[in-house]
Every structure is written in structure tokens, then in C-alpha cells.
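Student: one predicted model, sequence on top.
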Amino acid sequence: MNMVKIVRNVCHQSVLDFIFETAARREAWHWKFPMGAAFDKKHAKLDIVEDGKIKDAFLAGLASSVLLQVWEASNRELFIPEIFYAGVAIKDKHRKDNVHVDDANRQDTIKIMGILNSDWDPNTMGGGFMHGGVIHKLNPTDFCIFDPRTPHAAEDIICDHKRFAMDFSVKKT
């Protein structure tokens, strides 16, 4: 799968709002990514599930419920909803995203990403999803399913507002 599949209106916004509010209150945020980059090139990340191990049980339950809705909305065709990784990232206009690949040594994974902010407007705030040179605008409740080995990044954010996005690595079918 070299293209991006956008699944629109996956779940009720109140679920994403609750994940957003819960994640924002957590103290386990870190600045590891991108690996090897200078600190001013890194972004805040909260790991929920890492290498299949639950780091935050409550958020893992909420994330799993969203993932199942993405799976249903994509006709159960593209992935198996078993989470290898789930996390939330914060980005804003003060940090340009790096074009990168994920899971470079794994051919069995696929990634899924969606924006948590209920007030996010990709037309006035930026922060779309760039995959293989194409920018995809994501509204709240939309999720994109994509090949993590194709170069991708967040489109530049053009406001001071923090964009919260949740992403998953799962096994592809």
C-alpha cells in the first residue's frame, strides 16, 4: 500500500476530546523523536503502547476503541487491530516536521493517524499529512491509513495552536 486511505468521520468527536484532555494531563511526555536530532527539532510525544506493551492502560483502552472504529470504517480490509505502537504527538508552528519513514525494517506494519483537536481546521491552521509528496487535509474524526515506509511528515502548522495527533502501528493484512 503506497497510497493513503482517508477514513472520514470515524468516531464521535467527544471520544477524541476525552483522549485529548486525558493525554494533556499525563506526566509521561518525552522528547525522544526524531531520534538523533537536535532538541529544537524534536517534538513532545506520549507513548500509550510501545512494542506491544501497554504504557498507559486507561489511554490504551480508549485508543483501542478508536482503532476498532477505524478498522470497521475501512471494512476490516487493511489491517489487524492489534496495536504494536500507539501514541500522541504535539506539534506547532515553531517546529518544522522532519520527512521520515517508520518501521523501515518491518514489512508487516501499517500506520494510522488522526487529529484529536476538535477545533482543528486544516485549511486555516495547516498541519495536514504529507505522504509521498502529497498533502492530505485531515479534519477531526478523520484518520489516515498509510505505509510507514513511504516518506511522510506533518505539513507545516501555521498557527500557535498545538496540534495533538494520535498514531498507531498495527499489523497489515
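Tutor: Nice, I can see it. Numbers count the residues shown, from 1 in each chain.

Student: name every strand pairing with the helix or strand that Ile110 is a member of and say which way it goes.
Tutor: Using DSSP states H and E, Ile110 maps to strand 109-115. Pairing partners of strand 109-115, with direction, according to DSSP bridges: strand 143-146 (antiparallel), strand 163-172 (antiparallel).

Student: so which elements touch the helix or strand that that strand is followed by?
Tutor: Toward the C-terminal end, the helix or strand that comes next after strand 109-115 (DSSP H and E) is helix 122-125. The contact analysis (3 or more Cβ pairs under 8 Å, 6 or more residues apart in numbering; DSSP states H and E) places helix 122-125 against no helix or strand. Bear in mind the C-beta positions are built from the backbone N, C-alpha and C, glycine included.

Student: which residues of the protein score low on pLDDT?
Tutor: 1-2 (pLDDT under 70).

Student: give me the distance from the longest helix belonging to it to the chain's centre.
Tutor: When the chain is scanned for its longest helix (criterion: DSSP state H), the result is helix 57-73. Here helix 57-73 shows a centroid-to-chain-centroid distance of 13 Å under the convention Cα atoms, centre = their mean, to the nearest Å.

Student: what angle do it and strand 109-115 make?
Tutor: Put simply, helix 57-73 runs at 100 degrees to strand 109-115, going by axes from the mean of the first three to the mean of the last three Cα atoms, to 10 degrees.

Student: which of the residues in the very next helix or strand once past helix 57-73 are buried?
Tutor: Going down the chain from helix 57-73, the next helix or strand is strand 79-91, by DSSP H and E. Of the residues in strand 79-91, 79, 81, 83-91 count as buried by neighbour count, 16 or more other Cβ atoms under 10 Å.

Student: tell me, how many residues neighbour Arg25?
Tutor: For Arg25, the tally of surrounding residues (other Cβ atoms under 10 Å) stands at 7.

Student: quick one, phi psi at it?
Tutor: Dihedral pair for Arg25: phi -90, psi -10, per degrees, to the nearest 10.

Student: with Gly133 instead?
Tutor: phi 90, psi 0.

Student: sorry, back to before: which other helices and strands does the longest helix of the chain contact?
Tutor: Under the contact definition 3+ Cβ pairs under 8 Å, 6+ apart, helix 57-73 sits against helix 13-25, strand 43-50, strand 79-91, strand 109-115, strand 143-146, strand 163-172.

Student: with distance to Glu72 added, can I get these in a markdown table?
Tutor: Compiled in a markdown table, the helices and strands packed on helix 57-73 are given as follows (distance: least, Cβ to Cβ, whole Å):
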| stretch | distance to Glu72 |
| --- | --- |
| helix 13-25 | 14 |
| strand 43-50 | 20 |
| strand 79-91 | 9 |
| strand 109-115 | 13 |
| strand 143-146 | 12 |
| strand 163-172 | 14 |
